[in-house]
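Enquirer: 3D, please:
(chains A and B)
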Amino acid sequence: MTNQTMTTRAKVERSMGRRRRAESRFRTYGMLSIAFGLLCLVVLFGNILSKGTSAFAQTVLHTEVHLDKDYLGLTRQSSEKELMNGNYEGLIKQQLRDEMNVTKRSQRRDLYSMVSVGAHWQLQGLVLDNPDLIGDTIKVDLIMDDEVDQWFKHDYPQGIQGRLSDVQYQWAMQWVEAGRLETRFNTSFFTNGDSREPELAGVHGAIKGTLLTLLVTFLLSFPIGVAAAIYLEEFAPKNRITEIVEININNLAAVPSITFGLLGLAIFINIFGVARSTPLVGGLVLTLMTLPTIIISGRAAIKAVPPSIREAAFGLGASKMQVVFHHVLPLALPGMLTGTIIGMAQALGETAPLLMIGMIAFVVDVPGFITDPATVLPVQIFLWSDSPEAAFTERTSGAIIVLLGFLIAMNTVAVMLRRRLERRW
Amino acid sequence: MKRTIAAGALLLATAFSSSAFAERNYISVVGSSTVYPFSTVVAERFGKSTDFKTPKVESTGSGGGLKLFCSGVGDATPDITNASRQIKQSEIELCAKNGVKDIVEVTIGFDGIVFAHSSKVDNVELTRKDIFLALAKNVPATDGSDTLIENPYKTWKDVNPALPNTPIKVLGPPPTSGTRDAFVELAMEGGCKQFPFIKDMKKSDKNKYKAVCHGLREDGAYVEAGENDNLIVQKLDASPESFGIFGYSFLEQNEDKVQGAIVDGVKPTFDNIAEGSYPISRSLFFYVKKAHIGVIPGIQEYLAEFTSPRAMGEDGYLADKGMIPMLESARKEVEANVKALKTL
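Expert: As a prediction, this is how the structure comes out:
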């Protein structure tokens, strides 16, 4: 008897070491996987941040521009239209030429190309805001061309000439020594639409397009998704047909998103004639994509409401409708909202379905309504990554930072909603 | 909640009605990804300097653009399509079948296709024959007889003893790309034709001739690198032994990283392509639907801006973006044709 217990105990003790080792091995594997995941994340973020943060700085040249009345042919009383059509481009060129004392034609071209083509819109804007400036000498920070911008931000600190020509390099160094070349926060990155000039390109149009598209998606997918979830969970009879519907909703959630793009092209554009490249058609397609997510999470949220609440309401004489809308829905809503936000965050990052419906487009004007042509942030990133100008590389990373910011914000809202509104029974 | 649904329904109802019945008031441009960088510059300038809205430019590829363009008349179809090759007879027929009868063709300039490699190594000098021998699926037998064998060449030195002893690795565009079509036609076929027996094949068996001259090898020496030319530039920078195929504008914008190989004794420079002495260059076009002029506002003004000397001219802003402009006399002819809206 004692002999036997001893052996059992000895057996257990003998196996103990092995079992502990197995456990610690598993823990190490787990920690290694997490470390690997974190490492990937750090590398990704590090790479994007190191490349992209310079997109938020823009090189400018401190200049004094004399708004010559005679050259512009304008007076302080000129009408808005006349003010708009003034030859500001020529004015900037002339003053740069005189200042740097350049006469040769080829050198002039080199000089003009150092200032952004957008610089004269700067002057135009200033004059339109305040026509009294005409005739005065004003101080402006002229936006520099992307070549100078890239040189000043990346090559100058290393003391190399980069892609500037010899004479451009000399001028640039003169400006640097005079303290006139400076970087400042790139506000136009957030206020401009797309542009083919890297120094003028901004994400405003893409952000607006994204918001409009998501608005359409939300307005359609939330009510439809919630209604479908409530019906399936509370009212639908449990039979073959609802079973098939349920299976298909689950399948739909796993369908590759490009398929929805094809569907959108065939139905919304070719049959219903919705205009291509608009947030409206984009939102419709993304609705198809997010609906299954919302329905599935909505049903889960309704299931989580304890039956005692329903029974109590029934016991007090409430109708089925009243039970659902007065008691179940308010309790399930936080869960539904979380699911919706996660679905919307998915939609925010989609490019594949939008490819088919013409949202991969160059759109300069910031869209004002859901029927204006627009792009969305991920598409903007895709388009910039494909542009020949080297300066678009940092814009691409800059736009990725903005997109990640949006995603993080949406997910934070989802987590906060869950924390604040969730109830435990 | 109820209010949200009602507001949403109202918003969508107005959106649907306005999109279905209101006329489009901006120009819609589709087509080639090679012309896209040029057409977008014009669109942007046009939008900022006139009262018209900025045209919307989509990059769909030459073939895809023409398909959309030829799908019919009306504001749901594009007004203009860009192409890095001329419209085909079959496409003109498709257009006519769908009621698109009057098409204005506009030649905008040239684009050189460069065979580039990293700036870290010495500039390589190639002939079109070398390119053909290095990249074709089937090449003439090495013993000099008039037979074709599967491409045996592993290194550039095997192809031509004057070339470096490095493995053949070329990154290029996929079959959907217009750049690929043009490269195959101009470089591959150009080298292929130099073998007399293959040239004779053109008369006897045109299909076989095409298959031989246009067939790229599939054993890993030619790598399809996707449509993203920036990626090719990055890869060339990282592996100096490989070559890449892309448009001249990418070479010009990345001259600090890559250089163009000399082909048939000519370096791919702005002047050489403009003169026509660089052998791998092609014309770029766009096509305009005449029926839309006067219906969609601004088309005529957009055409005028595109063909003006400040855009398409020798010192124009398109040249700054890497497009090779045509001679002034040719540009004037294009400008006049566009003004008169001469159709195909």
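Enquirer: Wasn't residue B:288 part of a helix?
Expert: No: residue state for residue B:288 (DSSP: H, G, I helix; E, B strand; the rest coil) corresponds to strand; a helix is not indicated.
Enquirer: Nearest residue to it in space, please, no chain neighbours.
Expert: Beyond its immediate neighbours in the sequence, the residue positioned closest to residue B:288 (C-beta to C-beta, 6 or more residues apart in numbering or on different chains) is residue B:104, lying 4.2 Å away. Where C-beta positions appear, they are placed from N, C-alpha and C, glycine not excepted.
Enquirer: Next SSE downstream of the helix or strand of chain B at the bottom of the mean pLDDT ranking?
Expert: Of all regular secondary-structure elements in chain B, judged by mean pLDDT, DSSP states H and E, the least confident is helix B:2-21 with a mean of 52. Moving toward the C-terminus from helix B:2-21, the next helix or strand (DSSP states H and E) is strand B:28-31.
Enquirer: Just the buried residues of that following strand, please?
Expert: Burial within strand B:28-31, assessed by neighbour count using 16 or more other C-beta atoms under 10 Å in any protein chain shown, is assigned to B:28-31.
Enquirer: out of the residues you listed, who's near chain A?
Expert: Restricting the buried residues of strand B:28-31 to those within reach of chain A (C-beta under 8 Å from any C-beta of the partner chain) leaves B:28, B:30.
Enquirer: could I get the buried residues of strand B:28-31 as a markdown table with distance to residue A:352 and pLDDT?
Expert: Output for the buried residues of strand B:28-31, formatted as a markdown table (distance: C-beta to C-beta, whole Å; pLDDT from 0 to 100):
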| residue | distance to residue A:352 | pLDDT |
| --- | --- | --- |
| B:28 | 22 | 92 |
| B:29 | 23 | 93 |
| B:30 | 19 | 92 |
| B:31 | 21 | 89 |
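Enquirer: and the buried residues of strand B:28-31 as CSV, adding distance to residue A:91?
Expert: Conversion of these to CSV gives the following (distance: C-beta to C-beta, whole Å):
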residue, distance to residue A:91
B:28, 35
B:29, 32
B:30, 38
B:31, 37
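Enquirer: Please identify the buried residues of the lengthiest strand in chain B?
Expert: Here the longest strand in chain B is taken by residue count, with DSSP state E as the criterion, and it is strand B:103-118. Of the residues in strand B:103-118, those with enough neighbours to count as buried (16+ other C-beta under 10 Å) are B:103-118.
Enquirer: What is the neighbour count of the nearest residue to residue A:148 once chain neighbours are set aside?
Expert: What sits nearest to residue A:148 in space, not counting adjacent residues and going by C-beta to C-beta, 6+ apart, is residue A:114, at 5.1 Å. Residue crowding around residue A:114 was assessed by other C-beta atoms under 10 Å in any protein chain shown; the count is 22.
Enquirer: Residue A:114 reaches residue A:146, doesn't it?
Expert: No: the criterion here is C-beta atoms under 8 Å, and residue A:114 misses it with residue A:146 at 10.4 Å.
Enquirer: Spell out which parts of the stretch 1-150 of chain A neighbour chain B.
Expert: A:109, A:113, A:117, A:121.
Enquirer: Show me what the one helix or strand the first one maps to is packed up against.
Expert: It refers to residue A:109. Under DSSP H and E, the secondary-structure element containing residue A:109 is helix A:105-112. In terms of contacts (3 or more C-beta pairs under 8 Å, 6 or more residues apart in numbering or on different chains; DSSP states H and E), helix A:105-112 is packed against helix A:88-100, helix A:166-177.
Enquirer: From the chain's centroid, how far away is the helix or strand hosting residue A:122?
Expert: Assessed by DSSP H and E, residue A:122 sits inside helix A:119-129. In terms of C-alpha atoms, centre = their mean, to the nearest Å, the gap separating the centre of helix A:119-129 from the centre of its chain is 29 Å.
Enquirer: for that helix, packing partners?
Expert: The helices and strands touching helix A:119-129, judged by 3+ C-beta pairs under 8 Å, 6+ apart, are helix A:80-84, helix A:88-100, strand A:137-143.
Enquirer: Redo the ones you listed as JSON lines? Include mean neighbour count and mean pLDDT.
Expert: Rendered in JSON lines, the data for the helices and strands packed on helix A:119-129 read as follows (neighbours: other C-beta atoms under 10 Å in any protein chain shown; pLDDT from 0 to 100):
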{"stretch": "helix A:80-84", "mean neighbour count": "13", "mean pLDDT": "78"}
{"stretch": "helix A:88-100", "mean neighbour count": "16", "mean pLDDT": "84"}
{"stretch": "strand A:137-143", "mean neighbour count": "16", "mean pLDDT": "88"}
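Enquirer: These: which one's closest to residue A:130?
Expert: The closest of the helices and strands packed on helix A:119-129 to residue A:130 is strand A:137-143. By C-beta to C-beta, the value is 9.5 Å.
Enquirer: buried residues in the helix holding residue A:122?
Expert: Using 16+ other C-beta under 10 Å as the test for burial, helix A:119-129 gives A:119-124, A:126-127.
Enquirer: In chain A, which residue sits closest to chain B?
Expert: Closest residue of chain A to chain B, C-beta to the nearest C-beta: residue A:219 (3.4 Å).
Enquirer: how far does the host helix or strand of residue A:24 sit from the chain's center?
Expert: Assessed by DSSP H and E, residue A:24 sits inside helix A:2-52. Taking C-alpha atoms, centre = their mean, one finds helix A:2-52 lying 38 Å from the centre of the chain it belongs to.
Enquirer: ok, then the element right after that helix?
Expert: strand A:57-66.
Enquirer: Give me the packing partners of that next one, helices and strands only.
Expert: Using 3+ C-beta pairs under 8 Å, 6+ apart, the elements in contact with strand A:57-66 are helix A:88-100, strand A:137-143, helix A:146-150, strand A:181-185.
Enquirer: near chain B at all, the helix or strand that the last one is followed by?
Expert: In this case it means strand A:181-185. Beyond strand A:181-185 in the direction of the C-terminus, DSSP H and E gives the next helix or strand as helix A:188-191. No: judged by C-beta under 8 Å from any C-beta, helix A:188-191 stays clear of chain B, getting no closer than 13.7 Å.
Enquirer: Summarise which helices and strands whatever helix or strand comes next after helix A:188-191 is packed against.
Expert: Heading C-terminal from helix A:188-191, the first helix or strand you meet, by DSSP H and E, is helix A:204-230. Helix A:204-230 is packed against helix A:279-303, helix A:329-348, helix A:377-385, helix A:392-421, helix B:2-21, with contacts defined by 3+ C-beta pairs under 8 Å, 6+ apart.
Enquirer: Please repeat the previous calculation with a cut-off of 6 Å.
Expert: With contacts defined as 3 or more C-beta pairs under 6 Å, 6 or more residues apart in numbering or on different chains; DSSP states H and E, helix A:204-230 has these neighbours: helix A:279-303, helix A:329-348, helix A:377-385.
Enquirer: So for the first one, what gets flagged as buried?
Expert: Think helix A:279-303. Going by 16+ other C-beta under 10 Å, helix A:279-303 has these buried residues: A:279-299, A:301-302.
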